[in-house]
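**Student:** need coordinates for the following:
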Amino acid sequence: MPAFPEIDSLNPAQRDAVLHSGGPLLILAGAGSGKTRVITVKIAYLIRELGISPQSILAVTFTNKAAGEMRARAAAIEPAAHEVMIRTFHSFGAWLLRRNADAAGLDRNFSIYDDDDTISLLRTIFEDEHRGTLATYARLISRAKDYALRPADDLSIVSPDPEFDGIYRAYQERLDQIGNVDFGDLILKPVELLRESDAIRTRVRQRYRYILVDEYQDSNVAQYELLKSLFDESTYVCVVGDDDQSIYRFRGAEVRNILTFSESFPGTTVVKLEQNYRSTGPILDVASAVVKNNSGRLGKTLWTDRTGGMEPTLALLRDQEEEVEYCLRLLRHSPRETAILYRTNAQSRLFETALTRENIAYRIVGSLRFYDREEVKDALSTLKLIANPRDEVSFRRIINKPARGIGSKSVASIVSRLPDARGDCLIAAEAAIGSLPKKAGHSARRFLDVVQEARGSLGSGRLNEFSEQLIRQLGIWEHHEKNDDEITARTKIENLEEFVNAASLYRADTDGLAEFLELIELDRSREADEIADAKVTLITMHNTKGLEFDRVIVTGLEEGPFPRAGDEDPDEIEEERRLFYVAVTRARDELYLTSVSYRRLHGRPMDYVPSRFVGEIPRDLIQISGDLPGPSGGQIDEYPVGSFIYHDDYGTGAITKSWHNGSELVVQVQFENGRVARFLPKYTSLERVAGDVD
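**Tutor:** From the prediction side, this is the model:
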């Protein structure tokens with residue numbers, strides 16, 4: 001054993017990983033298995049014990065924060081590690097391009113374009129195209145570069161749009177013409193440079209004889225190609241990652257990079273880090289029981305030498321209000337460090353409101369508070385103007401949003417009439433229309449007509465229906481649906497849907513509107529500061545990666561919210577299952593899972609069944625709070641899509657979709673009254689009726 005004291009603190013598998021030399025190495029590092037310590041000790045070991053020059057080592061990770069931490073921890077063991085090239089993939093690509101700018105056809109001082117810059121450049125080429133359409137093409141171009149594809153390649157894997165290759169080509173030609181690069185080029189151009197220049201490829205390979213890659217499961221195809229371009233038979237390559245924690249497919253991550261590493265780099269040694277230092281045994285058992293259902297994995301089983309531990313609990317609840325109350329009871333009973341996890345940001349609203357009312361300090365990670373989000377503030381401003389036409393701030397926010405051709409001069413002209421209108425923005429706008437430019441005047445007229453009609457319709461119905469109609473008529477819904485990339489747009493629409501849900505408890509009259517707005521403002525005024533020592537964290541499952549908490553509550557475990565509805569792509573389902581695994585393995589000591597029977601969507605109740613991932617947990621591994629319905633038989637063939645059924649509570653409906661939740665059949669039914677519900681036929685009395693569509 002080498003005289004390297006840090007080795008003594010490692011477990012046998014970690015030690016094998018650090019001491020390994022020779023051919024390629026894949027360190028398959030499970031959640032909480034100490035991978036960061038392994039890779040930093042290995043860097044120090046290479047320098048101190050094997051005499052490797054730190055300048056011949058390249059270590060690559062995915063964030064500047066992770067790179068900084070890796071550098072600091074390695075240097076704390078071996079000071080010479082400060083000289084190791086430790087960068088993100090994109091930072092390394094930029095460094096390589098600037099050092100070889102002439103060969104890459106670039107000026108050494110080239111600019112790097114972000115997403116907004118890409119859209120702006122596209123607008124200079126396609127001036128008449130809608131910004132939302134250009135944002136979609138910008139996202140597709142970025143995805144194409146993630147796949148290491150240029151305009152001349154087959155782009156069908158990215159988009160079936162026949163116009164995409166031409167748009168991509170025009171964009172790339174303009175980008176090359178002005179001599180700048182976007183983020184995708186920071187990977188793709190170095191790959192092309194290394195392929196095309198024997199001299200540069202040889203020089204770079206001779207310099208970096210040892211390459212280490214962290215979080216390899218998050219790499220995309222282009223980053224894999226870059227690694228291959230840096231590698232030859234004399235290069236030592238070591239990658240660290242966890243196939244079970246690959247959850248960024250929507251960003252271009254390709255889990256197959258780690259699954260096929262041994263095929264891409266023959267002679268690979270695989271070292272599995274399976275000892276977990278974070279969670280109790282019962283928590284790890286739940287995580288392993290679910291993720292083992294994925295076919296796309298290399299296979300490992302986490303274990304711990306921690307003894308005991310509470311049995312995880314699954315709470316089967318009626319609705320989201322009961323779900324929130326369940327979480328509050330846990331917090332009241334034991335105010336220890338707790339993370340409340342959810343699939344989408346929109347699900348945070350009820351928790352924010354409840355925690356604020358209970359005076360429980362919390363922090364929200366990865367997003368703004370619900371009522372501080374742009375799209376929510378837009379929707380809120382429309383209602384505030386309806387309630388109070390003297391609300392100048394709200395009027396200014398939405399009079400030209402989305403852009404209606406009412407510019408700043410026209411707005412100033414309207415506002416100048418407020419004194420004569422006694423502060424009423426609608427009266428001032430009415431008075432100003434005749435003096436505004438023609439387009440601005442027409443737009444202001446349409447805006448006032450919508451707002452005045454909405455004010456006149458107050459007095460009947462529910463506020464959620466009123467709110468959604470108003471938001472749509474003013475173009476706010478469509479604005480957020482189309483003016484961002486697909487992922488951002490979906491998040492914004494989910495937030496608007498949740499805003500509508502919040503309004504569903506109130507009447508669409510003057511009193512109901514005032515009560516709703518007052519409740520929001522009081523909640524916002526009482527919001528606790530996001531202090532560092534707050535014991536409660538609200539966070540999406542994606543944002544928890546790399547974090548850990550004493551107690552974790554994973555909420556919203558129903559088919560539809562999680563895994564998301566409408567996509568039975570096996571690869572997508574496997575990624576959702578990995579996301580569940582990541583969520584569960586954030587817990588040190590206590591794990592709670594919640595699933596509700598119905599949630600509101602657009603203010604209307606929607607029935608749900610427990611997530612298939614819940615069904616994959618053996619009953620002897622989890623304590624169940626609440627009742628599972630008893631079996632009543634039922635065969636798959638009895639419920640084809642298009643057939644009609646009768647339910648005692650909902651009446652007659654048609655089956656519109658069916659799928660399997662683990663081994664259980666789930667059917668989705670559209671009832672004649674407009675309600676949509678999901679059922680497990682095995683546990684629910686559904687009667688077949690005449691009218692089948694064969």
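
**Student:** helices or strands next to whatever helix or strand residue 519 lives in in the packing?
**Tutor:** Assigned by DSSP states H and E, residue 519 falls within helix 510-525. On a contact count with 3 or more C-beta pairs under 8 Å, 6 or more residues apart in numbering; DSSP states H and E, helix 510-525 meets helix 348-357, helix 374-387, helix 463-473, helix 486-503. The C-beta positions use only the backbone N, C-alpha and C, and glycine is treated the same way.

**Student:** send me it as PDB with only the CA atoms.
**Tutor:** This file holds the C-alpha atoms of helix 510-525, laid out as PDB (Å, rounded to 0.1, in the frame of the first residue of the first chain):
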ATOM      1  CA  THR A 510     -66.800  42.100  -6.700                       C
ATOM      2  CA  ASP A 511     -66.600  40.700  -3.200                       C
ATOM      3  CA  GLY A 512     -65.000  37.400  -4.400                       C
ATOM      4  CA  LEU A 513     -62.400  39.300  -6.500                       C
ATOM      5  CA  ALA A 514     -61.500  41.600  -3.600                       C
ATOM      6  CA  GLU A 515     -61.200  38.700  -1.200                       C
ATOM      7  CA  PHE A 516     -58.900  36.800  -3.600                       C
ATOM      8  CA  LEU A 517     -56.600  39.800  -4.100                       C
ATOM      9  CA  GLU A 518     -56.600  40.700  -0.500                       C
ATOM     10  CA  LEU A 519     -55.600  37.100   0.400                       C
ATOM     11  CA  ILE A 520     -52.700  37.200  -2.000                       C
ATOM     12  CA  GLU A 521     -51.400  40.600  -0.900                       C
ATOM     13  CA  LEU A 522     -51.600  39.600   2.800                       C
ATOM     14  CA  ASP A 523     -49.700  36.400   2.100                       C
ATOM     15  CA  ARG A 524     -47.000  38.200   0.200                       C
ATOM     16  CA  SER A 525     -46.600  40.800   2.900                       C
END
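
**Student:** gap between residue 650 and residue 606?
**Tutor:** Going from residue 650 to residue 606 by C-beta to C-beta, to the nearest Å gives 12 Å.

**Student:** can you list residues touching both of those two?
**Tutor:** residue 677 (C-beta atoms under 8 Å, 6 or more residues apart in numbering).

**Student:** quick one: residue 280 and residue 445, what's the gap?
**Tutor:** Distance of residue 280 to residue 445, given as C-beta to C-beta: 65 Å.

**Student:** among the two, which residue is more densely surrounded?
**Tutor:** Set residue 280 next to residue 445 and count neighbours by other C-beta atoms under 10 Å: residue 280 wins out with 21 against 14.

**Student:** tell me how far the residue lying closest to the more buried one once chain neighbours are set aside lies from residue 287.
**Tutor:** Among residues not flanking residue 280 along the chain, residue 309 sits closest, at 2.7 Å (C-beta to C-beta, 6 or more residues apart in numbering). For residue 309, the distance to residue 287 equals 13 Å [C-beta to C-beta].

**Student:** the more surrounded of the two?
**Tutor:** Higher neighbour count among residue 309 and residue 287: residue 287, with 27 against 19, using other C-beta under 10 Å.

**Student:** and the pLDDT for the nearest residue to residue 366 once chain neighbours are set aside?
**Tutor:** Leaving out its chain neighbours, the residue that sits closest to residue 366 by C-beta to C-beta, 6+ apart is residue 543, at 3.8 Å. Per-residue pLDDT puts residue 543 at 92.

**Student:** can you give me the neighbour number for residue 164?
**Tutor:** Neighbour number of residue 164 under other C-beta under 10 Å is 19.

**Student:** quick one, what contacts it?
**Tutor:** With C-beta under 8 Å, 6+ apart, residue 164 has these contacts: 137, 140, 155, 158.

**Student:** cool, and residue 374?
**Tutor:** Residue 374 makes contact with 480, 492, according to C-beta under 8 Å, 6+ apart.

**Student:** from residue 443, how far off is it?
**Tutor:** Counting by C-beta to C-beta, the gap from residue 374 to residue 443 is 21 Å.

**Student:** also residue 261?
**Tutor:** 57 Å.

**Student:** for the two, indicate the residue with more neighbours.
**Tutor:** residue 261 (24 against 20).

**Student:** which residues does the residue nearest to residue 280 contact?
**Tutor:** 280-283, 589.

**Student:** in strands only, show me these.
**Tutor:** residue 589 (DSSP state E).

**Student:** turn the contacts of residue 309 into CSV, including pLDDT and distance to residue 183.
**Tutor:** Converted to CSV, the contacts of residue 309 look like this (pLDDT from 0 to 100; distance: C-beta to C-beta, whole Å):
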residue, pLDDT, distance to residue 183
280, 97, 40
281, 97, 42
282, 97, 42
283, 98, 37
589, 96, 40
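
**Student:** can you tell me which of the contacts of residue 309 has the most neighbours?
**Tutor:** Neighbour max across the contacts of residue 309 (other C-beta under 10 Å) = residue 283, 28 neighbours.

**Student:** of the contacts of residue 309, which pair is most distant in space?
**Tutor:** 281 and 589 (11.4 Å; C-beta to C-beta).

**Student:** if we can go back for a sec, closest to residue 122 out of the helices and strands packed on helix 510-525?
**Tutor:** So among the helices and strands packed on helix 510-525, helix 486-503 is nearest, using C-beta to C-beta, at 15.8 Å.

**Student:** before we move on, back to that, turn the contacts of residue 164 into CSV, including pLDDT, neighbour count and distance to residue 438.
**Tutor:** CSV is the format used below for these (pLDDT from 0 to 100; neighbours: other C-beta atoms under 10 Å; distance: C-beta to C-beta, whole Å):
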residue, pLDDT, neighbour count, distance to residue 438
137, 92, 22, 32
140, 94, 19, 37
155, 95, 21, 43
158, 93, 21, 43
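
**Student:** wait, is residue 593 part of a strand?
**Tutor:** Yes. Residue 593 sits within a strand when classified using DSSP: H, G, I helix; E, B strand; the rest coil.

**Student:** neighbours of residue 427, just the number please.
**Tutor:** With other C-beta under 10 Å as criterion, residue 427 counts 17.

**Student:** and the nearest residue to it once chain neighbours are set aside, what does it touch?
**Tutor:** Closest residue to residue 427 apart from its sequence neighbours, by C-beta to C-beta, 6+ apart: residue 421 at 3.9 Å. Shown in contact with residue 421 (C-beta under 8 Å, 6+ apart): 427-428, 431.
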